[in-house]
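Student: Attaching a predicted model along with its sequence, questions to come.
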Amino acid sequence: MTVDRINPLEPVQPGKKTGRGAQVEKGKESDSISLSSEAIEKAELYRIMEQISTVEDVREARVAELKAKINDPAYINDTIIRATADKVLDAFGL
């Protein structure tokens, strides 16, 4: 027993032309939408999360570089200690 295909191969068939299309009546009122503040906040959070997910994490390389410098005994000297202390004092406005 052989069963042949009933439907055509393409699931979407080109439309048949039925003649002139119906005229669309232009209304006096225009369509509009309004968004709640909650929807606006969620859209902003979604946009920010998308931006964050695409940003490369460049801090790992910087942290590894600083760890290597700190572990190097030749790096920490009086000049570095004074410069660091000055930056800390400046940050606190002292």
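Tutor: Yep, it's here.
Student: where along the chain do the helices fall?
Tutor: In the chain, the helices defined using DSSP state H lie at 37-54, 59-71, 78-91.
Student: weakest of the ones you listed in terms of mean pLDDT?
Tutor: Note on the helices of the chain: lowest mean pLDDT is at helix 59-71, with a mean of 87.
Student: which outside residues touch that helix?
Tutor: 75-76 (CB atoms under 8 Å, 6 or more residues apart in numbering). Where C-beta positions appear, they are placed from N, C-alpha and C, glycine not excepted.
Student: ok, now stretch 38-50?
Tutor: residue 35.
Student: Of all the residues in it, which ones are buried?
Tutor: When burial is assessed from 16 or more other CB atoms under 10 Å, stretch 38-50 yields no buried residues.
Student: Please compute how far it lies from its chain's middle.
Tutor: A distance of 10 Å separates the centroid of the chain from that of stretch 38-50, by CA atoms, centre = their mean, to the nearest Å.
Student: Kindly reformat the helices of the chain as JSON lines containing distance to residue 30.
Tutor: Shown next, in JSON lines, are those (distance: least, CB to CB, whole Å):
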{"stretch": "helix 37-54", "distance to residue 30": "21"}
{"stretch": "helix 59-71", "distance to residue 30": "49"}
{"stretch": "helix 78-91", "distance to residue 30": "56"}
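Student: Looking at the ones you listed, spot the one closest to residue 29.
Tutor: helix 37-54 (23.1 Å; CB to CB).
Student: From the chain's centroid, how far away is that closest one?
Tutor: Put simply, helix 37-54 sits 8 Å off its chain's centre (CA atoms, centre = their mean).
Student: again, but for stretch 75-94
Tutor: For stretch 75-94, the distance to the chain centre is 38 Å (CA atoms, centre = their mean).
Student: can you offset everything so residue one is 3?
Tutor: All right, first residue 3 from here; so that's stretch 77-96.
Student: what about residue 68, how many residues close to it?
Tutor: 11 (other CB atoms under 10 Å).
Student: Please give me every residue in contact with residue 79.
Tutor: If a contact means CB under 8 Å, 6+ apart, then residue 79 has no contacts.
Student: how far does stretch 49-66 stretch from start to finish?
Tutor: End-to-end distance for stretch 49-66, by CA to CA, to the nearest Å: 30 Å.
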